[in-house]
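1. I'll drop the sequence and a predicted model, then ask my questions.
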Amino acid sequence: MVRYILRRFLISLLTLWLLAAITFFLLRLLPGNPFQSDQILTFEMQERMMNYYGLNRPLIEQYFTYMGNLLQGNMGYSLKYTNRTVNSIIVRAFPVSADLGLRSLALALPVGLFLGIASARKRGKAVDYLCVVISVIGVSIPSFILGSFLQYIFALRLKILPMAQWTTEMHKVLPTVAIALGLLATLTRIMRASMLEVTTQDYVKTAKSKGLSEGKIIWSHEIRNALIPILTMLGPMVASVLMGTFVIEKIFAIPGLGLHFVNSITGLDYTMTMGLTVFFGAFLVSANFLVDIAYGIVDPRIRLAK
Amino acid sequence: MKKWIVSIILVALITIPVSCFAASGSQVFTFAGHNDVMTLDVSQMNDEMSALIMYALNEALIRNSYDQIIPGLAESYEVSEDGTVYTFHLRDAKWSDGVPVTAKDFEYSFLRTLNPETGSSQVSSFDSIVNAKGYYNGEITDASLVGVKAVDDKTFVITLSYRDPFFLTEMAEGINFYPIRQDYVEKFGMSYASSPGTFIGCGPFVLKEWVQGARIVLEKNPEYWNADRVRLERVVELIIPDENTRVGMYDLGEIDAIYSISKVQTIMHPEFGSKSGGTLQYLAFNCSEGLVMENMNLRKALSFGIDREAIVLAIASPGTIPVDRMVDPSIIVDGKSYTETYPNSTGVPPSGNTEQAKIYLQKALSELGLSRPADLPRINYVCMDSPIHKQYAEALQAGWKDDLGVNVEISILPVPQAIGALLSGKFDIFLVGQSTGVNPATIMDNFTVGNSNNYARWDNEEYSGLIAAQSVNPVLKERLLQIQQAEAIILDKVPVAPLWTPGTAYLSREYVKDLHYGRQTGSIEFIFAHIEH
């Protein structure tokens, strides 16, 4: 088991290094210059800034400098928000995105699973169609439309919830709902399909022929097994939701990570993009590492492997 | 069971009070910006959002207020006979912590910005000062040779290397001429001015709160020398990146003013105000040898074929004015509009001249030995990825195709990449927007032979000679005439085709009085505003 964990850990580190290295070089392959914005900088000034930030040095040298700093946990200063380190920006923005993401998950998970189960149980009935309609709408409506629609109804028309910003609990309702609806739809769809598949399995038939009660079959045979695909997709889902969403954060003026992801790439803020990628990567990799360990604990075949 | 849940939700929704924003009677002003402040470090600052807040937090020697130069920390100043030595006499003023402001704070600030180790992109604003260029380029290492001196606590002397009639206005409109407190920089190092605790100013307001990416709160500075004139007690800037959200919050009364609103929103809000000037948008044609735009008649055909008026009416934000020259009509020299005193024109009417364009096109085709416009080589219009630039590109493309039969391909690139293409000459047509500055020749300065910012790669010795001659001409009248002559050449040869000066539209509640939108696009001036219910 110790060897297994050690191997997983080394693989995680390798993944992270590869991710950082590939991103570093890919990013620098993008044409353009980070110091250019709508107000065009003269050629001389552009060169001056490139020199100052050491971006004119050989790329390989820059790579080693960056990696050296990264090993010490230092992701450097943002090229756009001068005087702010990438670390400090992430430390400020991540909790906001994570807060929003956790709220949405807390709302979407139980409701989505419930709808999925209900719809599978009542297959072909009105409840099923209703759930299918909800999930199709949730999956297909882009979040910027959903977000604007919620704002229009609840803030502009009914005036019962604030329009934007991330301050009081009331401010957090609309963005949470906007993200949760999308998640919920996906969860409902997968739970429904998974439940339907499980229902036709032999062990369910066996349970039925044993004469077990309906409730017992659903609870301990169907739902439990149907949850496995959900658990598999929950890992990446949690990671991406915690990292923030560009559209919802923009519409609701939430100071999270989502905006930084997009703006840093379009603005060629190299250090910021690198920092965010490494952070996101580390998050995903450690989530997967934990899952792997969990598998090892649960699954005797892995646990016993020498 | 279900009814029970529904009724609980309903009761909760009704009883939980929605937070109330209306601060009636008090002097609180709330407005929305699109972007966070990038930095409050005077030496590093190069964006509009930072400049806007710094204008309220700090005070330079002189200030541009309501489009006029007013005294700032300088109580008075003298200019030497030859126009190169400016002596500023500072008034008794204090930083917001009570420490007196001295001439040393200015000397420190200017030298820090110019110091190569600071890495400022704004150093060229100081170019006319003696040895400034040499110092920031690293040719001179002794900072005391630079023409900025604190003679004593109250006297600050700036020495220029030549007479620059635009220097004072440039300083008043500039964003990097504020004083800096040395002890703050030394204490906080690289993180100086990145939060309320690490920044200090001496302006009308103090920074109370800065929630990065969300909110900036300013409060009146009781230590400000002119505090009697400041009537607002509190100013809140909410950072709202999405326009629909900004307008929605304005409609709900949560925000008192928004600016840079789009055409669509002005139709919904006919009470909007607008202004123009400060920026010029023009097409740069790549005249490099061997490229299709090297042909002058083709360039002329394209310029004459543009219906600027129709495009502005359909797409541009209100306040945008079509222009027929390379000087911004809002530039004032010696109290008079430059464009009125020194006329010039491309000869293209605002609605274009298709007939004339076709004549030029025929000439171009016969010079190139082609029979039809469709035989022209591929023309590559590189467009910055922003909604308005894309709309302009499409409108121009459609006009050229419909009226002249000329096909233009549009390549949309993210802003830094697009500018990369512009600087490296990988384009045929590019829509450039540039700040017009104070000097009428600001934009024209670029198009001289061998200049690395000559986007059009257009080589005209006579033009370059005139531009070089005017920059050192001590007689203002002659200088302005030379600029006019140079402009006539560039308008005739069309390496660039002036399009329009973009406007900006804004909305503000009528209880906000004396709010002003400055000449520079987008800047909103609130320091002397007040609320009157």
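-> Yep, that arrived. It should be emphasised that the depicted structure is a prediction, and the values quoted were computed from it without experimental measurement. Numbers count the residues shown, from 1 in each chain, chains lettered A, B, ... in the order given.

2. Point out the residues in the stretch 1-150 of chain A that sit beside chain B.
-> Residues of the stretch 1-150 of chain A lying close to chain B (Cβ under 8 Å from any Cβ of the partner chain) are A:30-46, A:48-49, A:52-53, A:77, A:80-85, A:88-89, A:92-93, A:148. From N, CA and C alone the C-beta is placed, and that goes for glycine too.

3. Could you grab the helix/strand/coil label for the closest residue to B:Asp307 other than its chain neighbours?
-> Spatial nearest neighbour of B:Asp307, excluding adjacent residues (Cβ to Cβ, 6 or more residues apart in numbering or on different chains): B:Gly352 at 4.2 Å. Counting by DSSP: H, G, I helix; E, B strand; the rest coil, the backbone at B:Gly352 sits in coil.

4. give me every residue that touches B:Gly352.
-> Each residue near B:Gly352 by Cβ atoms under 8 Å, 6 or more residues apart in numbering or on different chains is listed here: B:Phe304, B:Gly305, B:Ile306, B:Asp307, B:Arg308, B:Glu309, B:Gly399, B:Asp403.

5. Next: A:Asp99.
-> Residues A:Lys172 are the ones in contact with A:Asp99 under the rule Cβ under 8 Å, 6+ apart.

6. ok, now how distant is it from chain B?
-> Remark: distance between A:Asp99 and chain B (Cβ to the nearest Cβ, to the nearest Å) = 13 Å.

7. Count residues in the vicinity of A:Thr23, would you?
-> Counted by other Cβ atoms under 10 Å in any protein chain shown, the residues lying close to A:Thr23 total 17.

8. any idea of the pLDDT on it?
-> On pLDDT, A:Thr23 comes in at 95.

9. Excluding covalently adjacent residues, which one is nearest to it?
-> Leaving aside its sequence neighbours, A:Thr23 sits nearest to A:Thr277 (Cβ to Cβ, 6+ apart; 4.8 Å).

10. what about that neighbour, how many residues close to it?
-> Neighbours of A:Thr277 using other Cβ under 10 Å come to 20.

11. Could you list the buried residues of the longest helix along chain B?
-> Ordering each helix of chain B by length in residues (DSSP state H) puts helix B:476-493 first. Neighbour counts over helix B:476-493 (16 or more other Cβ atoms under 10 Å in any protein chain shown) mark B:479-480, B:482-491, B:493 as buried.

12. Alpha carbons of that helix, as CSV, please.
-> Written as CSV, here are the backbone C-alpha positions of helix B:476-493 (Å, rounded to 0.1, in the frame of the first residue of the first chain):
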residue,chain,number,x,y,z
LEU,B,476,5.4,78.3,-31.9
LYS,B,477,3.7,79.9,-34.9
GLU,B,478,6.2,78.5,-37.4
ARG,B,479,6.1,75.2,-35.6
LEU,B,480,2.3,75.0,-36.0
LEU,B,481,2.6,75.9,-39.7
GLN,B,482,5.2,73.2,-40.3
ILE,B,483,2.8,70.7,-38.7
GLN,B,484,0.1,71.9,-41.1
GLN,B,485,2.4,71.4,-44.1
ALA,B,486,3.4,67.9,-43.0
GLU,B,487,-0.2,67.0,-42.4
ALA,B,488,-1.1,68.1,-46.0
ILE,B,489,1.5,65.6,-47.3
ILE,B,490,0.3,62.7,-45.2
LEU,B,491,-3.4,63.4,-46.1
ASP,B,492,-2.5,63.6,-49.8
LYS,B,493,-0.4,60.4,-49.9
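
13. next structured bit after it?
-> strand B:496-501 (DSSP states H and E).

14. Sheet-wise, list the partners of that following strand with their directions.
-> Next to strand B:496-501 in the sheet, as set by DSSP bridges, lie strand B:279-285 (antiparallel), strand B:321-322 (antiparallel).

15. Just name the most buried of those strands.
-> Most buried of the strands paired with strand B:496-501 by mean neighbour count (mean count of other Cβ atoms under 10 Å in any protein chain shown) is strand B:279-285; its value is a mean of 24.

16. what does that one rub up against?
-> B:293, B:299, B:302-303, B:323, B:326, B:328, B:396, B:422, B:428-436, B:443, B:455-456, B:494-502, B:520-521.

17. and the angle from the following helix or strand past that strand to strand B:496-501?
-> Once the chain leaves strand B:279-285, the next helix or strand it forms, by DSSP H and E, is helix B:296-304. Angle, helix B:296-304 to strand B:496-501, by axes from the mean of the first three to the mean of the last three Cα atoms, to 10 degrees: 10 degrees.

18. Isn't B:Tyr184 up against B:Ser191?
-> No - using Cβ atoms under 8 Å, B:Tyr184 is not in contact with B:Ser191; the gap is 10.7 Å.

19. and for those two, which residues touch both?
-> Common neighbours of B:Tyr184 and B:Ser191 (Cβ under 8 Å, 6+ apart) are B:Thr198.

20. which stretches of the stretch 201-306 of chain A form strands?
-> Counting by DSSP state E, counting those that start in this stretch, one finds no strands in the stretch 201-306 of chain A.

21. Okay, now the unreliable bits of it?
-> Residues of the stretch 201-306 of chain A meeting the criterion pLDDT under 70: A:298-306.

22. do the same with chain B
-> B:1-25, B:519-522.

23. Just give the nearest non-adjacent residue to whichever residue of it sits closest to chain A, would you?
-> Residue nearest to chain A within chain B: B:Gly213 (3.0 Å; Cβ to the nearest Cβ). Of all residues not flanking B:Gly213 in the chain, A:Pro255 sits nearest, at 3.0 Å (Cβ to Cβ, 6+ apart).

24. try B:Arg215
-> B:Leu238 (5.7 Å).

25. Provide a list of residues in contact with the one you found.
-> A:Gln165, A:Ala253, B:Thr30, B:Phe31, B:Ala32, B:Gly33, B:Ala214, B:Arg215, B:Met249, B:Ile255.

26. Which ones among the residues you listed lie within helices?
-> Among these, the members falling in helices are B:Met249 (criterion: DSSP H).

27. Out of the contacts of B:Leu238, which sit inside strands?
-> Judged by DSSP state E, the subset of those located in strands is B:Thr30, B:Phe31, B:Ala32, B:Gly33, B:Arg215.

28. how many other residues sit next to residue 234?
-> Here I'm looking at chain A. With other Cβ under 10 Å as criterion, A:Leu234 counts 17.

29. meant chain B, my bad for not saying
-> Residues near B:Arg234, counting by other Cβ under 10 Å: 16.

30. For chain B, see how far away the residue nearest the centre of chain A is.
-> Closest residue to the average C-alpha location of chain A: A:Ser240 at 0.5 Å, with Cα atoms, centre = their mean. According to Cβ to the nearest Cβ, A:Ser240 stands 20 Å off from chain B.

31. re earlier: relative to A:Ile179, which of the strands paired with strand B:496-501 is closest?
-> Among the strands paired with strand B:496-501, strand B:279-285 comes nearest to A:Ile179, with 37.9 Å by Cβ to Cβ.
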